[in-house]
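Asker: Using only what follows, build the 3D model:
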Amino acid sequence: MSHRVKFLRASLLGAVLSFTALSAGKALASDPLPGDAIGLPPNVNVALYYNQFASTGTFAPAHGNSSSDHNKLADDLNVFRYVRTFDLDGITAGAQVVFPIISFLGGTEVNTPIGPQHLSTNSGFAQPLLGVFAFPINDNDHGRSVATGAWIFPPISSANKNYNVNPSENLTTYEFEAGFHQILAGDPKGSNLALEAWDEVYFYTNNTNWAYGPFAATYREQPTDEVRVYLPYVVNPNIGFVVAPGFFQSFGGKQTYAVHGLPLIEDSGNRTQISELRIAASTFVSPTLQIMGIGEYDVAGHGGFLERSIQIRIAKFF
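Answerer: Down below sits the predicted model:
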C-alpha cells in the first residue's frame, strides 16, 4: 500500500485550496509489491499489516522547475488488509478488503504563487478498497504466473472540505490491474532471477460536494495509469529471502475544479505523473509469517510532491 499527497494550488483569487492525501500520485492505490503476481493455492487466508512513513520537502509543478523552498509535509500510513483465495472452476481466485488510516505529522507548509502557506491537516480514515482477483496462469513449476484484478474505492472516509490536507478525495474510484511474474534465470524452486511487471488503470467519478477556496465546487480527476517493474532475486530459497529493485511510473490524473454557478473550471495543478526508484527485501521468519521492507525515492514528477518513504509489510498466512 502507498499513498501520495496531492497539492491543490492557490487560485487566481488568492485562496489557498485543499490538499488531498491519497496515495496516488499513486492515489491510495493497491500498489502491488514484488511477489504479488505469484499465485497462492486456493483456500488460503492472508492477514497483512502495512506501515509507511513518507516525507517531502520538494514540490514539482505541472510546468516549470521543482522547488524545495517552504515545502514541508510528513505522514504515517497504517493499512490493514485481508485476502481470501478460493477455487473458481479450476482457476485460483479471491477477494480482499483494505482499510487505510493516515496521520499527518508536524506542521505542513507549501510554497504557492502568493508565498509560503501553512496548511490545516485532517488525519483519519482514507477510502477503503474492495477487490477481487484471479490467476488465469499459475505455473509455479516453471516460474510463470499472470494475475488480474479489479477494485472499487467507495467514497467513505474522514475527508472534510474545510481542511487543506485530507486523507482522501471521496471520489468513487475503479481500478483494473494486470501483472505477470516470469523467471529469467535459475531454478524455480531454488535461487533465481525473475521479472515482475504490473499495470493499473484508475477511473474516477466526480465529487460534487467539495470546495474551491470559499466556493462550492465539483472536483474532477482524469484517468490515471501506473506501471511497476521489479527484478526479484531469490537469494536464499530456504527462508524465502528475496531482494527486488524496482521502478514506478504514473501518467495522467489531471485534477480540476468546476465552480458551482460560475463558468469557471480551474486547473488544480495536480497530476499523477511520478517517476520513482524502489528497493524491497523480504523473508519468512516462520513458515507462515513474512516480513518485507520497501524503500521508495521519487526522482522526477509533474504536478505533485516528490516523496521519500520507507515501508514495512507483515503478512500472516493461515
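Asker: C-alpha only now, for contacts and for neighbours.
Answerer: Will do.
Asker: Show me what the helix or strand hosting residue 193 is packed against.
Answerer: Assigned by DSSP states H and E, residue 193 belongs to strand 192-204. The contact analysis (3 or more CA pairs under 8 Å, 6 or more residues apart in numbering; DSSP states H and E) places strand 192-204 against strand 173-186, strand 224-230, strand 233-236.
Asker: Figure out how far that strand is from the centre of its chain.
Answerer: Relative to its chain's centre, strand 192-204 lies at 12 Å (CA atoms, centre = their mean, to the nearest Å).
Asker: Can you list the strands that the helix or strand just after it pairs with?
Answerer: Next in sequence after strand 192-204, counting helices and strands by DSSP H and E, comes strand 207-212. As defined by DSSP bridges, the strand partners of strand 207-212 come to strand 215-221 (antiparallel).
Asker: Only the buried residues of stretch 155-175, if you could.
Answerer: 155, 157-175 (16 or more other CA atoms under 10 Å).
Asker: what mean pLDDT does that stretch have?
Answerer: For stretch 155-175, mean pLDDT rounds to 87.
Asker: check which helix or strand covers the residue lying closest to residue 51 once chain neighbours are set aside.
Answerer: Among residues not flanking residue 51 along the chain, residue 78 sits closest, at 4.7 Å (CA to CA, 6 or more residues apart in numbering). Per DSSP H and E, residue 78 falls inside strand 73-88.
Asker: Check which helices and strands the next helix or strand after that strand sits against.
Answerer: Of the helices and strands lying after strand 73-88 in sequence (DSSP H and E), the nearest is strand 91-104. Judged by 3+ CA pairs under 8 Å, 6+ apart, strand 91-104 is in contact with strand 73-88, strand 124-125, strand 129-139.
Asker: what angle do strand 91-104 and strand 129-139 make?
Answerer: Calculated by axes from the mean of the first three to the mean of the last three CA atoms, to 10 degrees, strand 91-104 forms an angle of 140 degrees with strand 129-139.
Asker: Tabulate the CA atom coordinates of strand 91-104 in PDB.
Answerer: Extracted in PDB, the C-alpha atoms of strand 91-104 (Å, rounded to 0.1, in the frame of the first residue of the first chain):
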ATOM      1  CA  ILE A  91      -8.600 -21.100 -11.500                       C
ATOM      2  CA  THR A  92      -7.300 -19.700  -8.300                       C
ATOM      3  CA  ALA A  93      -9.300 -16.500  -7.500                       C
ATOM      4  CA  GLY A  94     -10.000 -14.500  -4.400                       C
ATOM      5  CA  ALA A  95     -11.400 -11.400  -2.700                       C
ATOM      6  CA  GLN A  96      -9.800  -8.800  -0.500                       C
ATOM      7  CA  VAL A  97     -10.500  -5.700   1.600                       C
ATOM      8  CA  VAL A  98      -8.200  -2.900   2.700                       C
ATOM      9  CA  PHE A  99      -8.700  -0.300   5.500                       C
ATOM     10  CA  PRO A 100      -6.200   2.600   5.400                       C
ATOM     11  CA  ILE A 101      -5.600   5.200   8.200                       C
ATOM     12  CA  ILE A 102      -3.400   8.300   7.600                       C
ATOM     13  CA  SER A 103      -1.800  10.500  10.300                       C
ATOM     14  CA  PHE A 104      -0.200  13.800   9.300                       C
END
